[in-house]
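Peer 1: Build me a structure from this.
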Amino acid sequence: MTMNDKLDKNNIPRHIAIIMDGNGRWAKGLGKLRVFGHQNGVSAVRETLEGAVEIGVQYLTLYAFSSENWNRPKIEVKALMELLVNSLSKELKTFQKNGIRLNTIGNISDLPVNCQEKLKETIAATQSNTTCTLTLALSYGSRKEIVDATKAIASQVRDGRLSVEDITEDIFQQHLYTADLPDPDLMIRTSGEYRISNYLLWQLAYTELWFTPKMWPEFTRSDLFEAIVDFQQRERRFGKTSEQL
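Peer 2: Here you go, the predicted structure:
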């Protein structure tokens, strides 16, 4: 029996978030440059995305480039930006074929101009697609996201457009980069690390976490399905007792 056969098709997580970790270590283990790992990581993205669409996942959010990643060697950052542009050009047909709408979160203005233009172009070309929303977190840091939301709300209070008494969790959520997305049901991290690395700190409050020792270039749709099978065996109580569910 395959992992696909084990899936409960009536209990597919609506939103899956992934920390795609281990590209560089995977390449180093093969005696290759780190960029070789990033290049092979693109194939894992395609495999995962197509697997998600196959089983009906509506939202897939990928941690593609963190705000801290700017501290990496300049040659690696340059290669990552070029890979982003080339991948968007090559994958547009895949997006259209599978009904995938591209979305981004993060400080996109930090990216090189050609990356920003390619992102805008691809987002516009896929805006009518409705099968799955693929969100790329680029130059993204969750702490900054929370600070930005706090500043936006504080400005409204200062200007008299919002009272302190009216600030709720829903109001706060509406000022996050992910305002138009549901919170993730499942978060996956590859490479054997057990942390969330400044990723969707607010949104992951009740998300189920799943970790695998596999490096990102090794990750397949079967691994995605394995994570979902494990997710389906968990009892999500959201603060309630089992008897209340």
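Peer 1: drop to CA atoms for contacts and neighbour counts, all remaining ones
Peer 2: OK.
Peer 1: the longest helix in the chain is where?
Peer 2: The residue-count maximum for a helix in the chain (DSSP state H) belongs to helix 74-98.
Peer 1: So which bits of that helix are buried?
Peer 2: 76-77, 80-81, 83-85, 88, 92, 95, 98 (16 or more other CA atoms under 10 Å).
Peer 1: from those residues, which two are the most distant?
Peer 2: Among the buried residues of helix 74-98, the pair separated by the greatest distance (CA to CA) is Glu76 and Asn98, at 30.7 Å.
Peer 1: can you pull the buried residues of the helix or strand where Ala64 lies?
Peer 2: Assigned by DSSP states H and E, Ala64 falls within strand 59-66. Neighbour counts over strand 59-66 (16+ other CA under 10 Å) mark 59-66 as buried.
Peer 1: and Thr133, that's in a helix?
Peer 2: No - Thr133 is assigned strand when assessed by DSSP: H, G, I helix; E, B strand; the rest coil, not a helix.
Peer 1: Where does the prediction get shaky in this structure?
Peer 2: 238-245 (pLDDT under 70).
Peer 1: show me where it has strands.
Peer 2: When secondary structure is read from DSSP state E, the chain shows strands at 15-19, 59-66, 100-105, 132-140, 186-189, 208-211.
Peer 1: Could you pull up the contacting residues of Val45?
Peer 2: Val45 makes contact with no residue under the criterion CA atoms under 8 Å, 6 or more residues apart in numbering.
Peer 1: how much space between it and Tyr206?
Peer 2: 25 Å (CA to CA, to the nearest Å).
Peer 1: same check, this time on Gly37
Peer 2: Applying CA to CA to Gly37 and Tyr206 gives a distance of 32 Å.
Peer 1: Give me the more crowded residue out of those two.
Peer 2: Gly37 (22 against 15; other CA atoms under 10 Å).
Peer 1: Hmm, the more buried one is touching Asn23, no?
Peer 2: Yes - with contact defined as CA atoms under 8 Å, Gly37 reaches Asn23; the gap is 4.4 Å.
Peer 1: which ones are touching the residue lying closest to Val53 once chain neighbours are set aside?
Peer 2: On the basis of CA to CA, 6 or more residues apart in numbering, the spatially nearest residue to Val53 that is not a chain neighbour turns out to be Cys132, at 6.6 Å. Shown in contact with Cys132 (CA under 8 Å, 6+ apart): 53, 56-60, 99-101.
Peer 1: cool, Thr178 as well?
Peer 2: So, once contact is read as CA under 8 Å, 6+ apart, Thr178 ends up touching Ile105.
Peer 1: do the one 10 residues further on as well
Peer 2: Listed by CA under 8 Å, 6+ apart, the contact partners of Ile188 are 16-19, 209-212, 227.
Peer 1: again, only using 10 Å
Peer 2: Ile188 sits next to 16-21, 62, 196, 208-212, 224, 227-228 when contact means CA atoms under 10 Å, 6 or more residues apart in numbering.
Peer 1: I'd like to know the beta-bridge partner residues of it.
Peer 2: Note on Ile188: beta-bridge partners by DSSP bridges are Ile18, Trp210.
Peer 1: Helices along this protein, start to end?
Peer 2: 3-6, 23-29, 34-55, 74-98, 113-126, 142-158, 169-173, 221-232.
Peer 1: Please name whichever of those is nearest to Leu200.
Peer 2: helix 142-158 (5.4 Å).
Peer 1: before we move on, the earlier item: in TSV: the buried residues of strand 59-66, plus distance to Gln174.
Peer 2: Listed next are the buried residues of strand 59-66 as TSV, based on distance: CA to CA, whole Å:
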residue	distance to Gln174
Tyr59	18
Leu60	19
Thr61	18
Leu62	20
Tyr63	21
Ala64	23
Phe65	23
Ser66	22
